[in-house]
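K.L.:
Quick check, what structure comes out for this input:
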Amino acid sequence: MPRIKVLPHATVCPKGAEIEAAEGKSICDTLLEHHIEIEHACEKQAACTTCHVVLRQGFDSLEPAEEKEEDMLDKAWGLEATSRLSCQAKVAEEDLVVELPKYTINYEREGGGKKP
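P.N.:
Presented below is the predicted three-dimensional model:
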C-alpha cells in the first residue's frame, strides 16, 4: 500500500505525518481521513485552490491533471511545476511526499473575493 509523507506545516500539520493511502483515492480525502485538516472550500469540485499541494516526490506517478484543474492551478498561491489540487489528484502505486503551501487563497473565507 502506498504511503503519503506530509511535510511539516505550521498550522495544518506542525509535526508532519506519514500515512497509508489507498490507491485511487484523492490525496485530499486521504489527508482528511487521517485528521490532516487541509482546506477544501469548494467541497472537492476543482472550483477553488484551497487544497493545492506541491508534490516533492511521486508527481510522475499521478494521472495528468485535467484542463479544469490546470485552469484553477493557475490561480494558486505558490504554484510550482509539481503542484496539484489534492481533491483531483488520485493516489497511484508510488509513495508520495506532499508539501502544503504556506498560504491558500480562500475567497469564501475572505469575503467571497468581493471588494468592500
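K.L.:
all strands for this structure, in order.
P.N.:
Using DSSP state E, the strands of the chain run over 3-6, 17-20, 52-57, 83-85, 96-99.
K.L.:
which one of those is the most hemmed in?
P.N.:
strand 83-85 (a mean of 26; mean count of other Cβ atoms under 10 Å). C-beta: built from backbone N, CA, C; applies to glycine.
K.L.:
Dump the strands of the chain to CSV, plus mean pLDDT and distance to residue 29.
P.N.:
Below are the strands of the chain laid out as CSV (pLDDT from 0 to 100; distance: least, Cβ to Cβ, whole Å):
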stretch, mean pLDDT, distance to residue 29
strand 3-6, 98, 11
strand 17-20, 98, 12
strand 52-57, 98, 13
strand 83-85, 98, 12
strand 96-99, 98, 13
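K.L.:
Which positions in the lowest-mean-pLDDT helix or strand in the chain come out as buried?
P.N.:
Using mean pLDDT, DSSP states H and E, helix 67-73 stands out as the lowest-scoring helix or strand of the chain, at a mean of 95. Neighbour-count burial for helix 67-73 flags 69, 72, 73 (criterion: 16 or more other Cβ atoms under 10 Å).
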